[in-house]
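# test case, fold it:
(one chain, ligands or ions: 1)
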Amino acid sequence: MKKVLKNCLVINENLSVEKRDLYVEGEKFVDFVDGDIEDMNSMIVMPGLVNTHTHAAMTLFRGVAEDVALSEWLSDYIFPRELKLTEEDVYIGSLIGFMEMIKNGITTFVDMYFFPHAVAQAAKDVGMRGIVARGLADVDGHGAEKLKECENFIHEYASDPLIRGGVGPHALYTCSNEYFKESVEVAHSNDSLLTFHLLESPSERNDYKARSDIEAVDFLNSIGAFDEKTIVAHGTHLNDEELELLSQCKTTISYNPTSNAKLGNGIAPIPKALSKGVNITLGTDSAASNNSLNLFNEMKFGSLIQRAYKKDPTMMKIKEIFKMATCNARKPIPFDVGKIESGMLADLVVVDPNELSMIPQKYFYSHLVYSFDVTAIKKVMIGGKWVYDGDFCNVNTQEVIERFEKTVDSIDSRI
Ligand SMILES: [Zn+2]
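All right, here's what the predicted structure looks like:
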């Protein structure tokens, strides 16, 4: 498929604007191609956003437990429900999650959950790109089979155009040290993305130290868990020395400000991490702890909460936070995304600059972070194909929603 998108206002990570035509051949942007012409009528065309930490299927649990602490939220509400989930439940929950992400301008995800084939199928059915990291834990005694499934999945999807496998040991409080080490080895031997929750809540550091007699970060460093293909989710309670280590290891932190705030887990030390050169990306976390899958919200809230906390309106600059939602994710993930440029994958979002949230147009770059309303998103392309143009191009929205509602009722009846 060859496409010419005429009259685009192209925005890249530095938030500069360029009025030009874009050329797409197959799944990539190219310098020039003679193809079907589509006039974009001076709409803004920006890179698709990259959500580097999510559990898409947990749309099934949106609103199920509010106003409780992380440990209670997990043990009393989430884990009992997750035990009852079928592969089909995870498929429909993931599908709704990916639809919401696309509608909100997200074109690539890093997901951690179980039933990886169901997650991948949901993504492919709606046309979404992502890394499916099989969530791993051995507290239930089934760690080995999960790790095998994870490795098989990585092999199976090694050359898929939209999906790659990843390794997702859930956290140090759900994985034994030995199992975590095996998981890291599987990631390394398959050259795969590794992602895990780290020091998300205030008690994790001391709880781990009491169990293992070593600091969590020191243990993870000793087993080689930090490198440029690692995404640490949260890192809310990392100290200066640990941030320095992550910087040296070129490890990425996925900053999830809304989830951290909602669960009362604190404010991640992102300005400090930036000053030490740590690569920062953004994540929504799940629809159960956020409750939206919207990175525009994360850009705004992630900036504001740091400024409020530090009483400093000059930190977390617009360009800095826009990069966190786009091109910074290129470092750890195996896809060339986050930038509109020849040779990169053609993942883009078309934004109407005439929407009320986008005017005055001459200051549009500020609006993308501070006043954006997703109703301004008119179309979304992933891998050279339109997946959203006011409605989803590949799935029947109403049918999916009806099936989703039935699934939620069915899960509740099993508890
Ligand atoms: Zn998470």
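# what ranges do the helices span in the stretch 151-300 of the chain?
Using DSSP state H, counting those that start in this stretch, the helices of the stretch 151-300 of the chain run over residues 177-189, 204-212, 216-222, 240-248, 257-262, 270-275, 295-310.
# TSV please, covering those helices and showing mean neighbour count.
Quick note: C-beta positions are derived from backbone N, CA and C, even for glycine. Formatted as TSV, those follow (neighbours: other Cβ atoms under 10 Å):
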stretch	mean neighbour count
helix 177-189	19
helix 204-212	15
helix 216-222	19
helix 240-248	18
helix 257-262	22
helix 270-275	19
helix 295-310	19
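# how is this structure carved up into domains?
Here the domain assignment for the chain is 2-46+341-383, 49-330, based on automatic domain parsing.
# ok, which of those comes nearest residue 396?
Among these, the nearest to residue 396 by Cβ to Cβ is domain 49-330 (10.8 Å).
# quick one: that closest one to chain centroid distance?
From the chain centre to the centre of domain 49-330 is a distance of 7 Å (Cα atoms, centre = their mean, to the nearest Å).
# circling back: for residue 55, find the nearest of the helices of the stretch 151-300 of the chain.
helix 257-262 (10.3 Å).
# which outside residues touch that closest one?
Around helix 257-262, the neighbours that count as contacts under Cβ atoms under 8 Å, 6 or more residues apart in numbering are 200, 234, 236, 265-268, 283-286, 289-292, 297-298, 301-302, 305.
# follow-up on the earlier one: mind putting the helices of the stretch 151-300 of the chain into a markdown table with mean pLDDT?
As requested, those are exported to a markdown table (pLDDT from 0 to 100):
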| stretch | mean pLDDT |
| --- | --- |
| helix 177-189 | 98 |
| helix 204-212 | 95 |
| helix 216-222 | 98 |
| helix 240-248 | 98 |
| helix 257-262 | 96 |
| helix 270-275 | 97 |
| helix 295-310 | 97 |
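# now the ones you listed as a markdown table including distance to residue 89?
Shown next, in a markdown table, are the helices of the stretch 151-300 of the chain (distance: least, Cβ to Cβ, whole Å):
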| stretch | distance to residue 89 |
| --- | --- |
| helix 177-189 | 25 |
| helix 204-212 | 29 |
| helix 216-222 | 32 |
| helix 240-248 | 35 |
| helix 257-262 | 22 |
| helix 270-275 | 34 |
| helix 295-310 | 25 |
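# just so I know, which of those helices lies nearest residue 42?
helix 295-310 (21.3 Å).
# need the CA coordinates for the closest one. PDB is fine.
The C-alpha coordinates for helix 295-310 follow below in PDB (Å, rounded to 0.1, in the frame of the first residue of the first chain):
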ATOM      1  CA  LEU A 295      -1.300   9.500  28.100                       C
ATOM      2  CA  PHE A 296      -2.400  13.100  27.500                       C
ATOM      3  CA  ASN A 297      -3.700  13.000  31.000                       C
ATOM      4  CA  GLU A 298      -0.400  11.500  32.200                       C
ATOM      5  CA  MET A 299       1.600  14.300  30.500                       C
ATOM      6  CA  LYS A 300      -0.400  17.000  32.200                       C
ATOM      7  CA  PHE A 301      -0.800  15.400  35.600                       C
ATOM      8  CA  GLY A 302       2.800  14.100  35.600                       C
ATOM      9  CA  SER A 303       4.000  17.600  35.000                       C
ATOM     10  CA  LEU A 304       1.700  19.400  37.400                       C
ATOM     11  CA  ILE A 305       2.200  17.100  40.400                       C
ATOM     12  CA  GLN A 306       6.000  17.500  40.300                       C
ATOM     13  CA  ARG A 307       5.600  21.300  40.100                       C
ATOM     14  CA  ALA A 308       3.100  21.300  43.000                       C
ATOM     15  CA  TYR A 309       5.300  19.100  45.100                       C
ATOM     16  CA  LYS A 310       8.600  20.900  44.400                       C
END
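# residue numbering should commence at 14 henceforth.
Got it, the first residue is 14 from now on, which makes the last one we talked about helix 308-323.
# who's in contact with it?
Here helix 308-323 makes contact (Cβ under 8 Å, 6+ apart) with 62, 64, 117-119, 268-271, 274, 280, 283-284, 295-297, 326, 328-329, 331, 334-335, 337-338, 381-383, 385, 387.
# so residue 56 sits in a strand?
Yes. Using DSSP: H, G, I helix; E, B strand; the rest coil, the assignment for residue 56 is a strand.
# wouldn't it be in contact with residue 361 here?
No. Residue 56 lies out of contact with residue 361 (Cβ atoms under 8 Å); the separation is 10.5 Å.
# higher neighbour count, the two?
Neighbour count, other Cβ atoms under 10 Å: between residue 56 and residue 361, residue 361 has more, with 29 against 20.
# any idea how far the more buried one is from residue 33?
13 Å (Cβ to Cβ, to the nearest Å).
# now swap in residue 214 and tell me
Going from residue 214 to residue 33 by Cβ to Cβ gives 47 Å.
# neighbour count winner among the two?
Ranked by neighbour count (other Cβ under 10 Å), residue 214 and residue 33 place residue 214 first, with 22 against 14.
# phi and psi next, for that one.
Here is the backbone geometry of residue 214 (degrees, to the nearest 10): phi -110, psi 160.
# now swap in residue 157 and tell me
The phi and psi values for residue 157, taken as degrees, to the nearest 10, are phi -60, psi -40.
# not counting its neighbours along the chain, what's nearest residue 45?
The spatially closest residue to residue 45, leaving aside those adjacent along the chain, is residue 36, at 5.3 Å (Cβ to Cβ, 6 or more residues apart in numbering).
# burial measure for the one you found, as a count.
Residue 36, neighbours per other Cβ under 10 Å, totals 19.
# next one: stretch 394-413 to chain centre, how far?
19 Å.
# could I get the full set of strands for the stretch 264-413 of the chain?
Under the criterion DSSP state E, counting those that start in this stretch, strands of the stretch 264-413 of the chain are mapped to 265-268, 292-295, 361-364, 390-395, 398-401.
# sorry, back to before: filter the contacts of helix 270-275 to the buried ones?
213, 247, 249, 278-281, 296-299, 302-305, 310-311, 315, 318 (16 or more other Cβ atoms under 10 Å).
# what is the least confident helix or strand in this structure?
Ranked by mean pLDDT, DSSP states H and E, the weakest helix or strand in the chain is helix 83-85, scoring a mean of 81.
# deepest of the strands of the stretch 264-413 of the chain, which one?
strand 265-268 (a mean of 30; mean count of other Cβ atoms under 10 Å).
# give the contact list for the nearest residue to residue 70 once chain neighbours are set aside.
Once flanking residues are discounted, residue 70 sits nearest to residue 106: 3.5 Å by Cβ to Cβ, 6+ apart. Applying Cβ under 8 Å, 6+ apart, we find residue 106 in contact with 69-73, 417, 420.
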